[in-house]
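**Q** okay, sequence plus prediction incoming.
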Amino acid sequence: MPTPFDNYTYDDARSLFSQVPSLPGLAGQTLSQGSTPRRPTSAVAARAYFNADHWQNGAGFNGQLPPVSYPGASQIEADIKKRFESENVIKEVVETHIGGLLGREPLWSFLKEQGTAGKKKEKDDITGETLTPWWNEREALNDLQDAAETVLLEGIAVKRVFFPKGLLPDSGVLTASNLNKALDYIFFQTLTADKAGVFTDPDTQKKIGVFLFEEKDAEGNVVDSCAELSFLDDEGDTVCRVVKDKGADEDFGPYKLGGRLLVFEMQRSPLITEQVQSNQKALNLAHTMMTRNVNMAGSRERSVTNAQPPRRPTRVQSSTNSNQTVETVPGTYETGAGAVMFLMGYPIRNEKGDIVGYTNPGVNVTDPASVEVFVNTIDLKRTAIYSQCHQRFVLMSGDATASGVSRKTAEKAWQRSLKETKTVVDAAGRWELEVTLRLAAQVVGQSDKYLNLRADFNCLLDVGEPTAEEITTVMEMRKPGGPNNQPLISDETARNKVGIDDAAAELKRIEEEAPTPEEIKSQPPVTDLTGQESQEEPQKEVIQ
C-alpha cells in the first residue's frame, strides 16, 4: 500500500507551510485571513529583540512618531532613532533560561534491551564512547543551546540530520570501513519553522519531514526551488526524497532508523510572548524619554525678566579720536563663589522721552526635571518581563526584605518552566543520537546492529548550588529501604543532584584515591586518648 507522500511534488510540500501550526484543534487547517502562519511576525520580532535590533524599522518604538505626510517627518524619525535607547531584558531572560537548562553538559548513553521479558536494560558504554568524539567535534551542546534559544523565542525549532552534498560520491551511496569514519559524514543543523517542519497527514496520521531550500549554480544564482522529504515506507524504513520545482526528483535510502525521520520538530509555548515584547517596548521608551528629558531639562536654569543685560566697562579708541574712552558693553550673567550681580530694569519713558520709572527685574530659577517617573516605569516594566518569564528570583537577589520562603517559591516556578523546555530538548537529544548512530551503521553496512539500542538523554538543571538541606535529602534517598531494600535513587543521580557534572569521572577519581590493601595494612595502629593501642581494626573505605 503506497504512503500518502509517495507522489508528493514540490508544490505539495510547499503548500504545507501555508497551514496553521499543529496546535490542538487546528492541525492541518489552511491559513485564512487573520490566521497565524507557521512563523508569525511575533516570532520574527522576538528573534530581532534577542539579536539587539530593538528599533525594527520603527516598529519597536512605542512612542509617538510624526505622520508620514508631516513636513520633515523622515528627519524627525531619524533623530528619534539616533537617540533611541534600549535595555535587552529579553536576551537576559532567554540566556538565564538556557543557562539553567543547558549550562552543564547533558548526560547521555545508550540502553540495550535484553531479549527476555523482565530483564533489566543494560548500558552500552562502548557505543557511547564511540559517539562522544563526534558529539564534541560537532559542538552538539552549542547546537542544542541554539535550538533551545529558537524554541523559547518562537515556539518552534526544527532540527535536521543530513549528509553534506559535497561529501556524496557520484553514485550517491556512502560507504565507510568503521563507525568512526562513517560519523565524519553526518552533520546536523537547526532551522526555523518557515524553512522546515514535521507535518501529519489528516487521513492516515502518518508524518512527513520537510526541508525547503534553493539550488544554486557556481555563481550563487538560484536555479531551482527544492524540498527534501523524509517519511516512512511500508516496511517502516525512512525514505529521503528531494523534489524540485523544475528539475528531476532524487531518491535516497531507504534507511533503517527504527521509525525515525531525518527531521525533528521541537515545540513549546514561546517564552517571549507578545506581552513580553510589549513590555520591552515600554521599557525602551522609558529609557529613551528619560535621556531626552535629561538633555532638555537636566540642568538648573535661570530666566531674567524685565532687566537690562549686565554691562561691563571696556576701553575703546575711535579712528577720529586718538584718546581712549571708556564705554560699557553687554556682559554675561555671572554665578558662583564671590559673584555679585546688580540687575537694573528697563527705563519707562513718557511721550516726551523723559524717564518716569523702571521695570521691576526678576530672576526665575528652574531646577532640573525629576526622572523619578521614568525610573519607576523602568523598574515596573523590567519586573513585568521577569515575572512573565518565571524569573522573579532574579529581582529578589538584591532584595533584603524578601523572605526565604518567597525566594524558594520563585525558584520553584523557574524550575517548572525549565522542566517544560527540558522535556522538549531531551526528546530532541534522543532523536539526534539514535538517528546519527543508525545512519552511521547504514554507511558501514550494519543497518540492523543498533536498532535495539535506545538513547537515554538527560539535561542537568543548573539552579544554583544545593543547600545543606538538599544535600541531606539526597543522602537519605541513597540509603537502602526501597523496593527489595534498594535505595530510592542511583549513585550517579545522587552525585548529579548535588552538583557533580560528571558522576562517572568523579567515581573514578574516588577509586584512584582509595588506599590499596597493602597501604591499609601498612598504616600505623590506631591509639586511644591514653596512648594505648586500640583493639579496633582500622576502618576500610567502601567504594560503591
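**A** Yep, it's here.
**Q** CA only for contacts and neighbour counts going forward, please
**A** OK.
**Q** any idea which helix or strand carries residue 285?
**A** Counting by DSSP states H and E, the element that carries residue 285 is helix 274-297.
**Q** now do the strands in the stretch 301-450 of the chain.
**A** Secondary structure of the stretch 301-450 of the chain (DSSP state E, counting those that start in this stretch): strands at 301-305, 311-316, 325-330, 347-349, 355-358, 362-366.
**Q** off-centre distance for the helix holding residue 285?
**A** 23 Å (CA atoms, centre = their mean, to the nearest Å).
**Q** for that helix, which positions count as buried?
**A** By 16 or more other CA atoms under 10 Å, the buried positions in helix 274-297 come out as 276-277, 279-293.
**Q** contacts for it?
**A** Contact partners of helix 274-297, identified using CA atoms under 8 Å, 6 or more residues apart in numbering, comprise 42, 46, 54, 60-63, 83-90, 368-369, 371, 374-375, 377-378, 381-382, 384-385, 388.
**Q** partner strands of whichever helix or strand residue 254 is part of, parallel or antiparallel?
**A** Taking DSSP H and E as the definition, one finds residue 254 inside strand 250-255. Under the criterion DSSP bridges, strand 250-255 sits next to strand 238-244 (antiparallel) in its sheet.
**Q** residue 518: which element?
**A** Using DSSP H and E, residue 518 falls within helix 517-522.
**Q** can you tell me which of the contacts of helix 274-297 are buried?
**A** Buried subset of the contacts of helix 274-297 (neighbour count, 16+ other CA under 10 Å): 42, 46, 54, 60-62, 84-90, 371, 374, 377-378, 381-382, 384-385.
**Q** re the thing from before, how far does the helix holding residue 518 sit from the chain's center?
**A** Chain-centre distance of helix 517-522: 54 Å, with CA atoms, centre = their mean.
**Q** and if you look at stretch 61-75?
**A** Remark: stretch 61-75 is offset 33 Å from the chain centroid, using CA atoms, centre = their mean.
**Q** repeat for stretch 38-50
**A** From the chain centre to the centre of stretch 38-50 is a distance of 13 Å (CA atoms, centre = their mean).
**Q** how about stretch 197-204?
**A** Relative to its chain's centre, stretch 197-204 lies at 29 Å (CA atoms, centre = their mean).
**Q** contact partners of the strand holding residue 254?
**A** Residues outside strand 250-255 that contact it (CA under 8 Å, 6+ apart): 172, 237, 238, 239, 240, 241, 242, 243, 439, 442, 447.
**Q** swap in stretch 189-198?
**A** Contacts with stretch 189-198, where a contact means CA under 8 Å, 6+ apart, come from 17, 38-39, 143, 146-147, 150, 156-161, 207-213, 263-265.
**Q** those in helices, which ones?
**A** 143, 146, 147, 150 (DSSP state H).
**Q** out of the residues you listed, who's the most crowded?
**A** Counting neighbours by other CA atoms under 10 Å, residue 150 comes out on top of the ones in helices among the contacts of stretch 189-198 with 25 neighbours.
**Q** can you say which of the contacts of stretch 189-198 are buried?
**A** Buried members of the contacts of stretch 189-198, counted by 16+ other CA under 10 Å: 17, 38-39, 146-147, 150, 156-161, 207-212, 263-265.
**Q** out of those, which are inside strands?
**A** Those of these mapping onto strands are 156-161, 207-212, 263-265, per DSSP state E.
**Q** can you give me the pLDDT of residue 440?
**A** pLDDT for residue 440: 92.
**Q** wait, it touches residue 182, no?
**A** Yes: using CA atoms under 8 Å, residue 440 is in contact with residue 182, at 5.1 Å.
**Q** comparing these two, which residue is more hemmed in?
**A** The neighbour comparison of residue 440 against residue 182 (other CA under 10 Å) goes to residue 440, with 26 against 20.
**Q** who's in contact with that one?
**A** Counting by CA under 8 Å, 6+ apart, residue 440 touches 179, 182, 183, 186.
**Q** okay, now the unreliable bits of the stretch 301-450 of the chain?
**A** By pLDDT under 70, the low-scoring segments of the stretch 301-450 of the chain are 316-329, 368, 396-407.
**Q** and if we set it to 50?
**A** 400 (pLDDT under 50).
**Q** in it, which spans are helices?
**A** 372-388, 392-396, 404-444 (DSSP state H, counting those that start in this stretch).
**Q** I appreciate the help and will end here.
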